[in-house]
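Student: here is a sequence with its predicted model. Questions after.
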Amino acid sequence: MMNKEMTYPIKGFNPHTFIDWEGKIASVIYLPGCNFKCPFCHSSALIREPESLTTVDYEYIKRFFREKRGWINGVVIGGGEPTLYEDLPALLADIKSEGLLTKLDTNGTNPAVLKRLIDEELLDYVAMDIKAPLDTRMYSNITASDADVAAIKQSIDLLMSSGIDYEFRTTVVPCFLQRKDILSIAQTIKGAERYVLQQFSPKDTMEESMGEVKPYSADEIKQFAQMASEFVKNCFARGI
Ligand code: SF4
């Protein structure tokens with residue numbers, strides 16, 4: 001009964017989505033807490049007030065998986081930052097034992113955990129955020145936290161050499177990121193399989209002031225993607 005040992009409660013469950021894992025019908029489990037505080041984050045309650053959210057019983061989720069066997073392809077573990085969750089390996093192993101694929105959404109700050117999960121073959125896909133060029137000042141500014149860019153770089157290198165499917169992704173927030181910054185990130189991940197530029201949405205952000213920020217136009221994001229695609233194998237825009 002793995003939920004008795006859990007160090008974090010599950011604070012959200014989306015039974016099925018077609019958009020969180022491209023090409024798959026997936027469920028999403030949300031784990032609370034994050035070591036970043038990105039002002040443009042859309043998971044404010046999950047990060048700042050997880051106690052205000054209802055806890056979802058993992059046994060209920062497992063029953064759902066069994067009822068939907070053959071219909072759901074996989075499970076996305078998102079947050080928050082799931083690698084802060086001590087029982088993440090046990091949770092992933094349990095999901096895999098149900099015959100489901102697993103995808104991890106991560107901010108890349110915990111390469112040691114990421115390596116363990118890859119080595120133990122607990123992941124089928126990883127989506128890793130790259131918030132900014134790997135410059136400590138910039139990264140700390142955009143995440144409103146003390147960012148360890150060396151750890152982010154380790155996670156990038158790990159994924160690129162891992163042999164598992166992955167994508168890097170950047171939310172293109174105009175007040176933090178300009179064309180030259182996307183170029184810098186693309187150069188850092190040169191040769192990567194997949195790089196996704198996500199449109200910024202000013203709705204329901206962690207910091208209210210972000211509601212005033214006007215997103216880049218679809219054309220601008222497409223131009224950024226075209227520029228980045230010179231460095232990576234596939235680059236495209238999402239959410240435009
Ligand atoms: S890393 Fe992700 S979950 Fe954490 S604060 Fe930033 S946007 Fe939110």
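Tutor: On my side now, so go ahead.
Student: tell me if I'm right that residue 85 and residue 31 touch.
Tutor: Yes: judged on Cβ atoms under 8 Å, residue 85 makes contact with residue 31 at a distance of 4.9 Å. For the C-beta atoms, the positions are set from N, CA and C on the backbone; glycine is no exception.
Student: higher neighbour count, the two?
Tutor: Set residue 85 next to residue 31 and count neighbours by other Cβ atoms under 10 Å: residue 31 wins out with 26 against 21.
Student: mind checking how far the more buried one is from residue 77?
Tutor: Look at residue 31 and residue 77: by Cβ to Cβ, to the nearest Å, they are 7 Å apart.
Student: what sits in contact with each of the two?
Tutor: residue 88 (Cβ atoms under 8 Å, 6 or more residues apart in numbering).
Student: what segments of this protein are helices?
Tutor: Taking DSSP state H as the criterion, the chain carries its helices at 44-48, 58-67, 88-97, 111-119, 136-143, 149-162, 179-188, 218-228.
Student: and the spatially most central residue of the chain, what does it touch?
Tutor: The chain has residue 105 as the residue nearest its centroid, 2.9 Å off, counting by Cα atoms, centre = their mean. The contact partners of residue 105, by Cβ under 8 Å, 6+ apart, come to 20, 76-79, 82, 127, 129.
Student: pull up the pairing partners for the longest strand along the chain, direction included.
Tutor: The residue-count maximum for a strand in the chain (DSSP state E) belongs to strand 165-172. Counting by DSSP bridges, the strands paired with strand 165-172 are strand 125-129 (parallel), strand 195-199 (parallel).
Student: so how far is the ligand from the closest residue to residue 44 other than its chain neighbours?
Tutor: Leaving aside its sequence neighbours, residue 44 sits nearest to residue 206 (Cβ to Cβ, 6 or more residues apart in numbering; 4.5 Å). Distance, residue 206 to the ligand, using Cβ to the nearest ligand atom, to the nearest Å: 7 Å.
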